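[1] I would like the atomic coordinates for the input below:
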Amino acid sequence: MELLRKPVAHSYLRLPEYAPMWEIAVDIDKCQKCYLCKMPHVLYRGNPFAAMALVGQCPGKQEHLNGIPWCGPAGHLLDKAFEAVNLDSNHNVFITNIVKARPIAPSGSGRENVDPDKESTSLCSTFVYRELAAMHGLKVILIAGKIAAVGMGIANSNEPMYKLSGSVRELTINDQNIPAITIYHTAALLHNQDEERDAEMKWSIFNALKLARKIAFN
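    Numbering: from 1, shown residues only. Below you'll find the model as predicted:
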């Protein structure tokens, strides 16, 4: 089987030769269904044998440059959030994104990052479902941000994030209903200027991760 490119740097990936994930990686690299296929793909990091998975939104600038999901400032905050509940994000969690390449900001917009469109989210989410199905022992899924929650089908676009945060719903993976907990994307912490709101979001993320840890290891 020819792999077009290594999924991520080896230091970020446990069991890099786990065949089912590599097969999905090959299919992602061969995908030509939307404009994002012209961009370098950013796949996953972490442990495909973990009991916990996290699905984020899409790669940003640092992820695009390094080929590693959640390796920029928001990723560092995520790592610290897992550390706060005594988890290692590279060993206790499988981390991926609902969109596998960085969306392109419109020329002249002055923006570095933009949200993925519905078409890209819909097409790429099929790969995420395959990744989750390939995991062994999956017990709980964290969904980071509203775009990922809507794209994975556990929320609708009219639901405000403050109501979604911490909510426990279900995703059907391999004919099993797996708890799915929506959390604030840690990028929201980077852009927030309100200290009280910042504290609320951090507390919400912390409690959601504690709940996910309890589900995963009980």
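
[2] Pull the distance from stretch 161-173 to the chain's centre.
    Distance of stretch 161-173 from the chain centroid (Cα atoms, centre = their mean, to the nearest Å) equals 14 Å.

[3] List the buried residues in it.
    Within stretch 161-173, the residues that count as buried by 16 or more other Cβ atoms under 10 Å are Met161, Leu164, Ser165, Gly166, Ser167, Arg169, Leu171, Ile173. Bear in mind the C-beta positions are built from the backbone N, C-alpha and C, glycine included.

[4] Equivalent analysis for stretch 28-47, please.
    Within stretch 28-47, the residues scored as buried using 16+ other Cβ under 10 Å are 28-29, 31, 34, 36-37, 40-47.

[5] repeat for stretch 42-62
    Residues of stretch 42-62 classed as buried: 42-48, 50-60, 62 (neighbour count, 16+ other Cβ under 10 Å).

[6] Show me the buried residues of stretch 28-47 that map onto strands.
    Arg45, Gly46 (DSSP state E).

[7] Surely Gly166 is in a strand?
    No - with DSSP: H, G, I helix; E, B strand; the rest coil as the criterion, Gly166 is coil rather than part of a strand.

[8] any low-confidence regions in the chain?
    Applying pLDDT under 70 to the chain picks out residues 1-18, 105-112.

[9] Show me where this protein has its strands.
    Secondary structure of the chain (DSSP E): strands at 45-46, 52-56, 93-97, 140-144, 168-173, 176-183.

[10] In JSON lines, list these along with distance to Gly151.
    Below are the strands of the chain laid out as JSON lines (distance: least, Cβ to Cβ, whole Å):
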{"stretch": "strand 45-46", "distance to Gly151": "20"}
{"stretch": "strand 52-56", "distance to Gly151": "9"}
{"stretch": "strand 93-97", "distance to Gly151": "10"}
{"stretch": "strand 140-144", "distance to Gly151": "9"}
{"stretch": "strand 168-173", "distance to Gly151": "12"}
{"stretch": "strand 176-183", "distance to Gly151": "12"}
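
[11] Figure out which of those strands is closest to Gly153.
    With respect to Gly153, and counting by Cβ to Cβ, the nearest of those is strand 168-173 at 7.5 Å.

[12] How about stretch 58-77, which residues are buried there?
    Neighbour-count burial for stretch 58-77 flags 58-60, 62-64, 66-72, 74-75, 77 (criterion: 16+ other Cβ under 10 Å).

[13] Kindly report the same for stretch 80-91.
    Ala81, Phe82, Val85, Leu87, Ser89, Asn90.

[14] That stretch: end-to-end distance?
    Its start and end residues considered, stretch 80-91 measures 14 Å (Cα to Cα, to the nearest Å).

[15] residues making contact with that stretch?
    Contact partners of stretch 80-91, identified using Cβ atoms under 8 Å, 6 or more residues apart in numbering, comprise 12-14, 45-47, 50, 52, 70, 78-79, 92-93, 95, 186, 205-206, 209-210, 213.
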